[in-house]
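Peer 1: pasted the sequence and its predicted model underneath.
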Protein chains: 2
Amino acid sequence: MVEEDVLFNLLGNETRRLILKMLASGPCYTTEIADRLNVGQKAINEHMRLLQEAGLVDLFTQKQSRGSPRKYFRINKSVRLEFFVGPYRFDTSLANLIETDMPEVLALYPHLQDLDVEVRKTERIKEISQLAVLYASLEDEHEKVVHAKEYIEFKMDEVRTRCIDICDEIGLGQDEKRVVIEIVSAGGTVSDKELSTRLNVPEEEVSASLRSLEKKGLLKVR
Amino acid sequence: MVEEDVLFNLLGNETRRLILKMLASGPCYTTEIADRLNVGQKAINEHMRLLQEAGLVDLFTQKQSRGSPRKYFRINKSVRLEFFVGPYRFDTSLANLIETDMPEVLALYPHLQDLDVEVRKTERIKEISQLAVLYASLEDEHEKVVHAKEYIEFKMDEVRTRCIDICDEIGLGQDEKRVVIEIVSAGGTVSDKELSTRLNVPEEEVSASLRSLEKKGLLKVR
């Protein structure tokens, strides 16, 4: 399990991004990385240490046709990190990818069934060109679903924006507005404590905003 | 338009992530940020400069009920950054979000039509609790589509892995293997030049691998 903050810190460095890109095309050894990226071995060693510590990369030894065995680095996890920022939005999500529950997805999106069947057949495929064709259709489907996702995200932003407009129409203060948006984003119900954590604001301040919003008849405190 | 490398570098710093998180709950002024995050004003100023330079944040002046007007920072773009790394995968994508082409998405996913209608109605909604309910259904739909996306990504990984297995069965070298995976990922057809850029390898090396793969009857050079 790779941690989100650690991953952001790792990706904040261009050389490390280049190293990961290189490893994504196959295992590499230190001098190979240092030569290709034109960076000193000592610096590469330090980057590799951090990538290993994060659990993203590991080492293995491989015999060489000539000379002594060599140590190779490889990426050993599938990780997806998503970051979303907007005027009233800050979301991050990190997924350590393992196979997603299939029957559920196929029930919701039955048209994916055909692709699933095709992918199952690949075990018997010996031709790389066939794989390329299948990959291209998966990419098509991926693009569609990404659009649908963006579309829904856009709608979510519209609802948030409408919420801010209402707050402005009523003339709420900044603190109250923040609390209202956070409650809406949480789907309508959320505790003082959660609000305080999500907003990174002391619980007393949150409680004060909640009391004032209740007085204005905007929400119910339970 | 925010640049991908710039955004990765910005997000590599924890304080900057916290600043963005704070601004996502509403505009803030420098002392407010410095106090809440317990970081010196000078350091905050430097972070704000970088965030502004990247085009992610801007400044505006707001009158105060008492005292002189104050300068506030706010997030002025909606940006989504995605990062994907795996044993044979390194993908990043940055979207500067604007409204996605709706008719296309709704034609592909007709069940989203109802939500679309509901969101359109929000202009007339005056009640925050109603918005919260709608937001929750959008989140439900979002979760589903994210699962579908992950599912397809998983299938794409399966095809890549199958491709690597075939390369290993044939006994291809590391360089040849990289070229093959890149060709498959590109959907089957790609130029020497593109391969050289994608793999960050000199064109001569790519051409050598291509010639050797052609000799083995694995691909056609056109």
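Peer 2: Received the coordinates, thanks. No experiment lies behind these values; they were computed from the predicted model shown.
Peer 1: going by proximity to chain B, name the top residue of chain A.
Peer 2: residue A:12 (1.1 Å; C-beta to the nearest C-beta). Any C-beta I mention is one placed from the backbone N, CA and C, and that applies to glycine too.
Peer 1: test my guess that that residue contacts residue B:8.
Peer 2: Yes - if you go by C-beta atoms under 8 Å, residue A:12 and residue B:8 touch, sitting 6.2 Å apart.
Peer 1: counting neighbours, what do you get for residue A:134?
Peer 2: Residues within reach of residue A:134, counting by other C-beta atoms under 10 Å in any protein chain shown, total 25.
Peer 1: swap in residue A:85?
Peer 2: 27.
Peer 1: what sits up against the helix or strand where it lies?
Peer 2: Using DSSP states H and E, residue A:85 falls within strand A:79-86. Here strand A:79-86 makes contact (C-beta atoms under 8 Å, 6 or more residues apart in numbering or on different chains) with A:2, A:4, A:7-8, A:11, A:56, A:90-97, A:153, A:157, B:7, B:11, B:20, B:24, B:56, B:75, B:77-86, B:97, B:150, B:153.
Peer 1: quick one: which of these sit in strands?
Peer 2: A:90-96, B:75, B:79-86 (DSSP state E).
Peer 1: need the contact list for the residue of chain A closest to chain B.
Peer 2: By C-beta under 8 Å, 6+ apart, the residues touching residue A:12 are B:8-13.
Peer 1: buried members of those residues into ChimeraX, please.
Peer 2: Burial among the contacts of residue A:12 is assessed by 16 or more other C-beta atoms under 10 Å in any protein chain shown; the matching ChimeraX selection reads:
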select /B:8,9,10,11,12
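Peer 1: excluding chain neighbours, give the residue nearest to the residue nearest the centre of chain A in space.
Peer 2: In chain A, the centroid-proximal residue (C-alpha atoms, centre = their mean) is residue A:81; its distance is 2.2 Å. Closest residue in space to residue A:81, ignoring its immediate chain neighbours: residue B:83 at 4.4 Å, by C-beta to C-beta, 6 or more residues apart in numbering or on different chains.
Peer 1: what's the burial count for the one you found?
Peer 2: A count of neighbours around residue B:83, defined by other C-beta under 10 Å, yields 23.
Peer 1: I'd like the next helix or strand past the longest helix seen in chain A.
Peer 2: When chain A is scanned for its longest helix (criterion: DSSP state H), the result is helix A:128-170. Later in the chain than helix A:128-170, the nearest helix or strand by DSSP H and E is helix A:174-185.
Peer 1: for chain A, which element, helix or strand, carries the lowest mean pLDDT?
Peer 2: None of the helices or strands of chain A scores lower by mean pLDDT, DSSP states H and E than helix A:102-108, at a mean of 76.
Peer 1: report the inter-axis angle for the following helix or strand past that one versus helix A:128-170.
Peer 2: Following helix A:102-108 in sequence order, the next helix or strand is helix A:113-121 (DSSP H and E). When axes from the mean of the first three to the mean of the last three C-alpha atoms, to 10 degrees is applied, the directions of helix A:113-121 and helix A:128-170 differ by 140 degrees.
Peer 1: which other helices and strands does helix A:113-121 contact?
Peer 2: helix A:102-108, helix A:128-170, helix B:128-170 (3 or more C-beta pairs under 8 Å, 6 or more residues apart in numbering or on different chains; DSSP states H and E).
Peer 1: who's in contact with the shortest one?
Peer 2: Just to be clear, that refers to helix A:102-108. By C-beta under 8 Å, 6+ apart, the list of residues contacting helix A:102-108 reads A:112-113, A:116, B:144, B:147-148, B:151.
Peer 1: just the buried positions in that helix, please.
Peer 2: In helix A:102-108, counting by 16+ other C-beta under 10 Å, buried: A:105-106.
Peer 1: now chain A, which segments are flagged as low pLDDT?
Peer 2: A:97-102 (pLDDT under 70).
Peer 1: try 80 this time
Peer 2: Within chain A, the segments meeting pLDDT under 80 span A:1-2, A:95-105, A:108, A:111, A:122-127, A:187-188, A:200, A:219-222.
Peer 1: can you tell me the SS state at residue A:26?
Peer 2: coil (DSSP: H, G, I helix; E, B strand; the rest coil).
Peer 1: ok so, going back, the contacts of strand A:79-86, buried ones only, as a ChimeraX selection?
Peer 2: To isolate the buried members of those in ChimeraX, using 16+ other C-beta under 10 Å:
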select /A:7,8,11,56,90,92,94,97,153,157 /B:7,11,20,24,56,75,77,78,79,80,81,82,83,84,85,86,97,150,153
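Peer 1: list the residues that contact the spatially closest residue to residue A:43 that is not a sequence neighbour.
Peer 2: In space, and not counting its chain neighbours, residue A:43 is closest to residue A:15: 7.2 Å by C-beta to C-beta, 6+ apart. By C-beta under 8 Å, 6+ apart, the contact list for residue A:15 reads A:37, A:39, A:43-44, A:47.
Peer 1: would a markdown table of those with secondary structure and neighbour count be doable?
Peer 2: As requested, these are arranged in a markdown table below (DSSP: H, G, I helix; E, B strand; the rest coil; neighbours: other C-beta atoms under 10 Å in any protein chain shown):
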| residue | secondary structure | neighbour count |
| --- | --- | --- |
| A:37 | helix | 18 |
| A:39 | coil | 15 |
| A:43 | helix | 12 |
| A:44 | helix | 21 |
| A:47 | helix | 20 |
